[in-house]
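Trainee: Need coordinates for the following:
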Amino acid sequence: MKYFKLLLLFVSFQIILNAQGKTYWWNDQVFYEIFVRSFYDGNNDGIGDFKGLTKKLDYLNDGNPSSTKSLGVTALWLMPVTESPSYHGYDVIDYKNIEHDYGTNQDFKDFLDSAHARGIKVIIDLVINHTSDQHPWFQNSKTGAGAVYRNWYVWSTTNPGVPGPWGESVWNSYGGYYYYSVFNSGMPDLNFFNQNVKNEVSGIVDYWLDSVKVDGFRLDAVRYYCEDGNVMADAPSTFSYLKEFRNHYKSDNPDAMAVGEAWTNTASVIPYVDGTGIDFYFEFDTATDIINAINSGNTTTLISQMNNLVTVRYPFLQYGTFLTNHDQVRIFSQLNNNYSKSKLAASILLSMPGIPFMYYGEEIGMTSSSDDPSKRTPMQWTNGTNAGFTTVNPWHSIPSTYTTYNVQTMSADSTSLLSWYKKLIRIRENYSSLRRGIYVPLTTVQGLYAFGRYNQDDNDITISVHNFSSLTVNNPSLYIMNSSIPDGNYKLQDLLTGNFEGNLNINYGGNVNFSLNASLPPYSSMILKLDPSTGVQSNETVLRTFNLGQNYPNPFNPTTTIKFEIPSAGNVKLSIYNLLGQEIKNLFEGYLIEGTHSVEFDGKSFNSGVYFYKLDCGGFSMSRKMILLK
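Mentor: Numbering: from 1, shown residues only. Next up, the predicted model:
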């Protein structure tokens, strides 16, 4: 039974590493989050609007695949666009009418048509956990126990006194009763145990998908939809409702997409992604790990997190990646306005697995402090008056750095952060491995993070190498065992520079073990395209080069003998590796004559488990699995 469990562990590891799962249209997109109030003022009142946004669509994507002028994003997430008494819009008073500051419903439809004509998808924020306390439903609900909309919200005759998910007060007194609101008293929670509420939400979904034709939704505050007694976050009834919600929007449009904001650790998000709820969720832990790794130069936590995501956590590539969003201090500020670190952050976001989301202004180094309005300031278009956002006083002051960090100035500089984002987005667009490819973690030197991406559908292969350290790294070694990457000889071209960086031989079993003939300056990246134009070498040819037999016995306890045959004299190396591709013991390294050789491995000091042994000889490598039982 112990052997069977270990074999299952090995098999599951191989399947996870090598299997390419189902992907969807959203896997091909680079999303761009926009706060309409701050994007561009089209009617000179100091407030961004849909006429202004429509005028700036060519900046985002001009619809010409061969153009390099636009940013190149292919999908937009719009923060709340419906009527609200607040500047941010997350307290709705009318779910079917556009915020009057932003224009009319027709203005929105004109914008949507223009976006779709350029091939840009559009999703909108759907805020249904709560409404504004000024919403007509709540205005009626608070009139008394017999009100028509009384049970559309959560009322209590006494104060339950139970604190909220963060220890906050969630029960608010009104008219001798108490109503529930997880965020603040101005945002009372809707009651999703009331079928009328669910029916109304379904009607709102129908309106936006069927009548208006948006492409999907970003769902705010998903974790708090339902309250099961004192369980105010991640309640069982929330999971049940999300299944109903999915069934409804997919019945409207099977291609409609919904992404959820479940702002918590990865382990707490996983129960939401069992395939029965909405399509995917944002990966907050990964965003934090990227920033921490860049600032510290230590990649350990980020690499571990990524191995978790792709091996035991999410359905294949179904999670949203990002650096920061509208609730967080902007990435440029978190990286201390460091240009090189900001380019590195962009390189990681747009080469790693997942569905990337950018926050508007991220590409030009916009900054913020910790208060929410400062995180949502007007877009910086030029170095002129009001950053080119408006001809009158803007709704919010603009950071003084706009004179340097703006679209106009940075568009004219081929080395700017904006130009870097444009290049990365086009590389991701042009190479399917970066959008839909399997993730292949590579072992390398400290301070570097390297991984391969392989799309089995069209054999597109890339290897990304990122330097998180403050030092130049010369000729780094890269290694992986038993990956899904096809064996063969490849030319390496750095897609970021266009330079050819030598050749790479991937041996039978997808083994990669080579030193990159290049130097990586601090906080720099390489995205290497593997071009098989030199000719792919067959497995049979590799096998004829030398013969690496199976260890015997296998399973073993505690010793085993490894035999191998080499066709001519030369230097060989035989080593033991763990499942993560880390070398844990060098059994032999030196010169051997032609013929058959054997090496005994004593595993007394090792734990039971699955290991690999790997032989390097004459420029080729081969590996086999071995199982230790104790």
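
Trainee: which residues touch stretch 389-405?
Mentor: 37-38, 40-41, 44-48, 87, 332, 337, 364-368, 373-374, 376-381, 383, 385-387 (C-beta atoms under 8 Å, 6 or more residues apart in numbering). All C-beta atoms are positioned from the backbone trio N, CA, C, and that covers glycine.

Trainee: in stretch 587-607, what's buried?
Mentor: Of all the residues in stretch 587-607, those buried under the rule 16 or more other C-beta atoms under 10 Å are L587, L592, H597, F601, G603, F606.

Trainee: For it, measure first residue to last.
Mentor: 17 Å (C-alpha to C-alpha, to the nearest Å).

Trainee: Turn the buried residues of stretch 587-607 into a markdown table, including pLDDT.
Mentor: Shown next, in a markdown table, are the buried residues of stretch 587-607 (pLDDT from 0 to 100):
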| residue | pLDDT |
| --- | --- |
| L587 | 89 |
| L592 | 80 |
| H597 | 88 |
| F601 | 90 |
| G603 | 89 |
| F606 | 89 |
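
Trainee: so what are the domain limits for the chain?
Mentor: By the assignment in automatic domain parsing, the chain contains the domains 2-6+437-537, 136-180, 540-628.

Trainee: list the contacts for N196?
Mentor: N151, W152.

Trainee: right, I mislabeled it, should have said Y177
Mentor: A145, W155, S156, T157.

Trainee: at 7 Å instead, please
Mentor: Neighbouring residues of Y177 by C-beta atoms under 7 Å, 6 or more residues apart in numbering: W155, S156, T157.

Trainee: Are any of these buried, and if so which?
Mentor: Judged by 16+ other C-beta under 10 Å, buried ones among those: W155.

Trainee: And the contacts of Y177, which is closest to Y179?
Mentor: W155 (5.3 Å; C-beta to C-beta).

Trainee: Which members of the buried residues of stretch 587-607 are the farthest-apart pair?
Mentor: Longest span within the buried residues of stretch 587-607, C-beta to C-beta: L592 and F606, 25.0 Å.

Trainee: For stretch 203-215, list every residue counted as buried.
Mentor: Those would be I204, V205, W208, L209, V212, V214, D215, for stretch 203-215 by 16+ other C-beta under 10 Å.

Trainee: and the helix or strand hosting N199, C-alpha only, in CSV?
Mentor: Assessed by DSSP states H and E, N199 sits inside helix 195-206. Taking C-alpha atoms only, helix 195-206 is exported to CSV below (Å, rounded to 0.1, in the frame of the first residue of the first chain):
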residue,chain,number,x,y,z
GLN,A,195,-36.1,34.9,-3.6
ASN,A,196,-37.4,38.3,-4.7
VAL,A,197,-33.8,39.7,-4.2
LYS,A,198,-32.4,36.9,-6.3
ASN,A,199,-35.0,37.4,-9.0
GLU,A,200,-34.2,41.1,-9.2
VAL,A,201,-30.5,40.4,-9.5
SER,A,202,-31.2,38.0,-12.3
GLY,A,203,-33.1,40.7,-14.1
ILE,A,204,-30.2,43.1,-13.7
VAL,A,205,-27.9,40.4,-15.2
ASP,A,206,-30.3,39.9,-18.1
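
Trainee: Doesn't N308 belong to a strand?
Mentor: No: going by DSSP: H, G, I helix; E, B strand; the rest coil, the assignment for N308 is helix, not a strand.

Trainee: per-residue pLDDT, H135?
Mentor: Looking at H135, its pLDDT is 98.

Trainee: Confirm for me that it is in contact with P85.
Mentor: No: H135 is beyond contact range of P85, at 9.5 Å (criterion: C-beta atoms under 7 Å).

Trainee: Let me know the pLDDT of the closest residue to Y319 other than its chain neighbours.
Mentor: Nearest residue to Y319, sequence neighbours excluded (C-beta to C-beta, 6 or more residues apart in numbering): E283, at 4.7 Å. For E283, the pLDDT comes out at 97.

Trainee: thought E283 was touching G320?
Mentor: Yes: counting by C-beta under 7 Å, E283 touches G320, with 6.2 Å between them.

Trainee: Need the residues touching each of those two.
Mentor: Joint contacts of E283 and G320 (C-beta under 7 Å, 6+ apart) are G354.

Trainee: returning to what we had before: count of neighbours near the residue nearest to Y319?
Mentor: 25 (other C-beta atoms under 10 Å).

Trainee: before we move on, the earlier item: could you dump the contacts of Y177 to a markdown table with secondary structure, pLDDT and distance to A221?
Mentor: Output for the contacts of Y177, formatted as a markdown table (DSSP: H, G, I helix; E, B strand; the rest coil; pLDDT from 0 to 100; distance: C-beta to C-beta, whole Å):
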| residue | secondary structure | pLDDT | distance to A221 |
| --- | --- | --- | --- |
| W155 | strand | 97 | 20 |
| S156 | strand | 97 | 21 |
| T157 | coil | 96 | 26 |
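
Trainee: Relative to R428, which of the contacts of Y177 is nearest.
Mentor: Proximity of the contacts of Y177 to R428 (C-beta to C-beta) peaks at W155, which lies at 49.4 Å.
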